[in-house]
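Undergrad: kindly generate the corresponding structure for this input.
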Amino acid sequence: MLAVAAAGGVLSAAQPAYARADWVLPSTTLSPAGPIGWPPVVAADAAGGATAVYATEKSYGAGSETLLSADHSAGGEWGQPATVPSGGNAGQIALATGADGDLTAVWVDSTDGNSFSVWTAERPAGGVWSSAAQLPFTGQASDTVNSPGVAEAPQGDAVAAWTETDRQHSMEWLVASQRHAGTWGAPVRLSGLTARVLEGAPIQVAVDERGDFVVAWSQFTAQTSIYAVQSQQLIGSAWQGEQTIESSGDGVSPVALGGNASGDTTAVWADVQQQSVRSAILRNGVWTAAGAGGGYSPAICQAPLPQLGVDGAANTTAAWVLTSGQVGVRTMTADGAWVGSTQTLSRLPAGDVAYHPQIAVDPAGDASVSWSYYDGPARATFIQVASRSAGGVWGAPVTLSGPDPSDTATSLAQDAQGNAVQVWASSQDSYNYEIDAAGFEGAPVVRELTVPAQMSTRRAAAFTAAPVAPWATVTSVHWDFGDGAHADQAQTTHVYTRAGVYKVTLTVTDSLFNQATVARRLTVTVTATPQAPLVPAGENQASNQAASGDSTAGGGSSGLASGGSGSSGLASGGSGSTGLTSGGSGADSTGSAGANARLLPTLAPVYVVAPRQRLWLARGARTMIVTVRNTNVFRVTGTASIVDSSQAAPMSAAAAARALPLASWRFRLGAHTKGRVYFRLSAGALRRVRAQVLSRGHSLVRVRLAIKGAAGQTASGASTYALDTPPLVRHGQQQPVTVQPSFAAPTSPWAHGDC
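TA: Just a heads-up that it's a prediction; the model follows:
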């Protein structure tokens, strides 16, 4: 199904000819039948787990609803629901998951059953939900909120966005709040007060691996009878200004937004008058129209809004309800070109119409699309889903639920291995609903892989893994050590008898015969001479310093270079990124002394990525953002600090180590990943560096890293950068739109629908 980078190698979910990636049925009931306060939403994490959040109802009025969450562990069962602290009238729930499985939930809630506001709660991976926090209004306490949406960055920051309107509903605007370093900031109005933001779906928020956010919405301006699709970008801590993606006299649906880790973003929406799907792509901060995707049916009350997903290669897969009432799907390439014609996924009886389409796409391009439809003659509701492996064809629809007298909106999520989960609420009497869930087994997930990078001949070393099948069971685990030897246990040991370079491969098979293979890209080298025992840090400082290649003069050592920007350990990269090497091939390592010493992997570089050897501090801001990249095959943790280095002579590593930092930030980076470091300057530090910028055009600052590898290795290094203030760039200049005098805007985008 896919190929993604994994700790220590490459994880590829290869499927043999007899494999059957499929939905695992029958579905599981998470909550027995009873009054429901809000339908469930679901999120999937990178470890193969899933979490559903929903609200149950006791009676009408204040404190009548209970917000609950249920977890499915990979390879296990759904756990018992846990209560999420809330105000008591939770609804309109939105859920986002972070890179490590952290969760952020936002919803509309009230403590008195009358005045509603946006609330939020967070849960770390494997932890418990925090106390609920109420996000403040930008207007009056009597304002009304609706349609919250949320996204969480890999670094843990988050953005929640929602609509806010006054009590008279005379206007409606878009509001967003950013959570940075664990604290929610004051909400900001993103849209102008003259336009009314369209509701009907959660406000769309996308985020990339750098932690940059994009928010998109649709709006209507009564004074000019203009509909528009709008967006704003949040880069660092600064909103970049409102941008118009498209504006016209035609009615539009609420917009759908999708993006990938690289920041490639696509928006799709429906032109209601033309009954067609429109789209645009965001690349390098600029929106470009991508044209019409095909016919669209607006003639039902359930608002079948277009949905989309973006894979790692920036290809977009969009799904919507066609004019025939069937569910269609179409793919758009990274350059905005729609491929082929729209493909019909559903096979509904004549006269039936689909609604609530949902889509999930993983980085490799594996995808699932689900929908509901009502069978009029049978007076029954069904939920169906179709799936496609990357580069493959769409399978036949699978019925997950039905016939039921009624159901609610469904929620669909998918992890990076192509494993999906669908949750919904179904009812036999249109009042008491049970919460159900079904899972799609795409491929096993290999976790906690341990393969040594170096070994000595005739010395045994451990090879371990923790494979799971998210919705099925693991049936076999097979190691191929590259020397003709094999093992069939998840945890085993192996001895190499001859020196050489070997490729170690782990293959895991599940009960549906899907396979995941982990192959070491970094080959294992076996030396003919036993290695010397590793010593703990500090016991042999001289040998550790020599091994790490630390050079206070910035000489030509092969390991860690602590000289200026021209020292040999620093990769300048020209106009591209600049690299601060925090450990070379001989970086100092810690371990256990003696005959049973652990054989630790080499600590590879950790880079500071900065264009043209410059860092930027936005006008009016106190936070400087630096990207760091981990080239190791394991996770690293560390501390990044920044010190003033404005003197004429470059600061030595020893001087930099003694200097008091202007700001520091602790970070954690997964294998082969990038993250962001946020240097928040104090008022005094800000005055100091700004004085240098004003007098010299820039200030010199030194970024230093102190990192620790997965097995305890340590390294440090520093480099000097020019700190500048970027030029002011104005965004979001709206182009004037000419409207025909005879055009009359409908009172509702769905005015011509047959409701």
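Undergrad: C-alpha from now on. contacts and neighbour counts both.
TA: Will do.
Undergrad: could you report the neighbour count for residue 387?
TA: 28 (other Cα atoms under 10 Å).
Undergrad: got it, and the one 4 residues further on?
TA: Burial measure for residue 391: 11 neighbouring residues, criterion other Cα under 10 Å.
Undergrad: so what's it closest to, chain neighbours aside?
TA: Of all residues not flanking residue 391 in the chain, residue 365 sits nearest, at 7.3 Å (Cα to Cα, 6 or more residues apart in numbering).
Undergrad: equivalent analysis for residue 641, please.
TA: Per Cα to Cα, 6+ apart, closest to residue 641 is residue 664, 4.1 Å.
Undergrad: can I get the CA coordinates of the strand or helix carrying that neighbour in CSV?
TA: Residue 664 is part of strand 663-669, with elements assigned from DSSP states H and E. Presented in CSV, the C-alpha positions along strand 663-669 are these (Å, rounded to 0.1, in the frame of the first residue of the first chain):
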residue,chain,number,x,y,z
ALA,A,663,16.4,32.4,24.5
SER,A,664,16.3,28.6,24.6
TRP,A,665,14.0,25.9,23.4
ARG,A,666,13.9,22.2,24.1
PHE,A,667,13.0,20.0,21.1
ARG,A,668,12.4,16.4,20.1
LEU,A,669,12.8,15.2,16.5
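Undergrad: just to revisit the earlier point, and the residue nearest to residue 391, helix, strand or coil?
TA: coil (DSSP: H, G, I helix; E, B strand; the rest coil).
Undergrad: surely it and residue 389 touch.
TA: Yes - with contacts counted by Cα atoms under 8 Å, residue 365 reaches residue 389, the gap being 7.0 Å.
Undergrad: who has more neighbours, those two?
TA: Here residue 365 and residue 389 are set side by side on neighbour count (other Cα under 10 Å), and the busier one is residue 365, at 26 against 20.
Undergrad: mind pulling up the pLDDT for that one?
TA: Per-residue pLDDT puts residue 365 at 93.
Undergrad: could you measure from it over to residue 674?
TA: 22 Å (Cα to Cα, to the nearest Å).
Undergrad: residue 381 in helix, strand or coil?
TA: Applying three-state DSSP: residue 381 is strand.
Undergrad: quick one on the thing from earlier: got a list of what the residue nearest to residue 391 touches?
TA: Counting by Cα atoms under 8 Å, 6 or more residues apart in numbering, residue 365 touches 2, 310, 311, 312, 389, 390, 391.
Undergrad: in space, what's closest to residue 462 - neighbours in sequence excluded?
TA: residue 493 (4.4 Å).
Undergrad: tally of neighbours for that neighbour?
TA: Residue 493 has 12 nearby residues by other Cα under 10 Å.
Undergrad: how about the one 10 residues further on?
TA: Burial of residue 503 is recorded as 15 neighbouring residues (other Cα under 10 Å).
Undergrad: show the model's pLDDT score for it.
TA: pLDDT, residue 503: 87.
Undergrad: isn't it right up against residue 484?
TA: No - with contacts counted by Cα under 8 Å, residue 503 stays clear of residue 484, the gap being 10.8 Å.
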